[in-house]
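In: Sequence and predicted structure below; questions after.
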Amino acid sequence: MPDSPVTFVNVFDVEPADQSALVDLLTEAIDEVIRQRPGFVGARVLASDDGRTVINEATWTDAAAVAATQADPAAAGYAARTAALATPRPGLYRVHSTAPRQR
């Protein structure tokens, strides 16, 4: 499955006082760098109601596109800035099953 789409998920543990700044920074990174990268399909930023977690989820055409983006100096700069605000837990995932809504 090396050529199948992948989802990069980064779960950030963050102090509630920093959650908004982290969301803004991730949104800026997507708008300024990630969106223009080859292989990018789409992204979402999720913020927990308790203020302690932010999830950055991005779908890519393949794992090589993710690796190339992570090696890009502009993307790496944003990664360093987000790590200064929160503790990241990144991972690369592939869809194995889905459950569409029942009618």
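Out: Perfect, thanks for sending it. Here the structure is a predicted model, which means the values were calculated and not measured. Numbering: from 1, shown residues only.
In: Looks to me like residue 89 is in a strand.
Out: Yes - when DSSP: H, G, I helix; E, B strand; the rest coil is applied, residue 89 is found to be in a strand.
In: Once you drop chain neighbours, what's closest to it?
Out: residue 11 (4.6 Å; CB to CB, 6 or more residues apart in numbering). Heads up, the C-betas are built off the backbone N, CA and C, glycines and all.
In: avg pLDDT for the host helix or strand of the one you found?
Out: For residue 11, the host element (DSSP states H and E) is strand 6-14. The pLDDT scores in strand 6-14 average 98.
In: Report the strands that pair with that strand, each with its relative direction.
Out: Its sheet considered, strand 6-14 pairs with strand 53-60 (antiparallel), strand 86-93 (antiparallel) by DSSP bridges.
In: thought the residue nearest to residue 89 was touching residue 57?
Out: No - counting by CB atoms under 8 Å, residue 57 is not a contact partner of residue 11; they are 9.4 Å apart.
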